[in-house]
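# Output the structure for:
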Amino acid sequence: MLDPATCRLGLIAGGGALPWVILAGARGQNTVTARLHDFASAPDTDGLVEDFKMGELGAIIDFFKRHDVEAVSFAGHVKRPDFTHFPMDEEGNKSLAALKSAAQGGDDNLLRQVVRIFENAGFHIFGTADIAPHLLAGAGQIGSIRVPDEAKADMARALDVARLIGQADIGQGAVVCNGVVLAVEAQEGTDAMLARCARLPQDLRGSAQARRGVFAKLAKPGQDRRIDLPTIGLSTLKHVRDAGLAGIAMHADASLLLERAAVIAEANRHGIFLFGYTDDV
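Below you'll find the model as predicted:
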């Protein structure tokens, strides 16, 4: 069994802060990074980084093998490809039919098929929780703001709705206020969903002076937790603040909390609760 702390890792970096947060830790000294430059920001690391397009699967595999990579991890977000106009290299074209078929079954099926390509190439797959467990949200109250009694029913309903849309492979997040579902996350992503909430009339949601409503984000039931874990960061918190919501509920052991200190400080300053959900809490 490979040790994620010591093995040579190939990181496939998409958009957002997550890839560079991982590389900022001790992992960066033993990691080779394939940056998907159509999505990822400029490298924030002195480590070995090479740029690729998402369809260059064979080139990425060859790059990792040249540098003695033993395991692969995926970090950061990418847009769902349009396979009718999607350039791929030779290895990608070999897998194109399987990728198209998997995509018909939803995002989770598509991601599992991508993982399978790298497993078949001889790589072990590690999730972010394996290589950076300190990023997991943790259980119970996070920060100094407790879940107010009046928000507990909304939190329970938002968690239920998030599970339902996850079972249908629609998305991971939902917003509920006074028992009413204000939004569910689909292809637009978390920030766009929360921005929609902020544009709703204030009689449907809360405000900075009287916060109401809860945003819940959960891993999908049956999801391969090595990929696409729910991620909460400072941008998420700012959108929750702007929507007048009272708090965020996230999967304790299957959600990533980035920029933890800054997120907690901002949540405390604005009276927003952060809660790590488990089946026992």
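# In the stretch 1-150 of the chain, what residue spans correspond to helices?
Using DSSP state H, counting those that start in this stretch, the helices of the stretch 1-150 of the chain run over residues 18-24, 57-66, 90-103, 107-120, 128-131, 149-167.
# swap in the stretch 151-281 of the chain?
Listed in chain order, the helices of the stretch 151-281 of the chain (DSSP H, counting those that start in this stretch) span residues 190-198, 234-242, 260-270.
# still on that earlier bit, which one of the helices of the stretch 1-150 of the chain lies nearest to G143?
Among the helices of the stretch 1-150 of the chain, the nearest to G143 by C-beta to C-beta is helix 149-167 (14.4 Å). In short, each C-beta sits where N, CA and C put it, glycine included.
# which residues touch that closest one?
Residues from elsewhere that reach helix 149-167, judged by C-beta atoms under 8 Å, 6 or more residues apart in numbering: 147, 171-179, 181, 184-186, 212-223, 246-247, 249, 273, 275, 277.
# Show me where the chain dips below the pLDDT cut-off.
For the chain, the stretches with pLDDT under 70 are 25-29, 81-86, 92, 95-96, 99-108, 280-281.
# how does it divide up, domain by domain?
9-131, 136-277 (automatic domain parsing).
# Quote the end-to-end distance of the first one.
According to C-alpha to C-alpha, to the nearest Å, domain 9-131 extends 9 Å from its N-terminal end residue to its C-terminal end residue.
# Going by neighbour count, which of the contacts of helix 149-167 are buried?
147, 171-177, 184-185, 212-220, 223, 246-247, 249, 273, 275, 277 (16 or more other C-beta atoms under 10 Å).
# Run a quick neighbour tally on the nearest residue to K53 once chain neighbours are set aside.
Spatial nearest neighbour of K53, chain neighbours left out: D38 (6.2 Å); criterion: C-beta to C-beta, 6 or more residues apart in numbering. By the other C-beta atoms under 10 Å criterion, the neighbourhood of D38 contains 14 residues.
# and if you look at D68?
Neighbours of D68 under the rule other C-beta under 10 Å: 10.
# For the nearest residue to it once chain neighbours are set aside, give me its contacts.
Excluding its sequence neighbours, the residue lying closest to D68 (C-beta to C-beta, 6+ apart) is R8, at 5.3 Å. Neighbouring residues of R8 by C-beta under 8 Å, 6+ apart: N30, T31, V32, H67, D68, V69, E70, A71.
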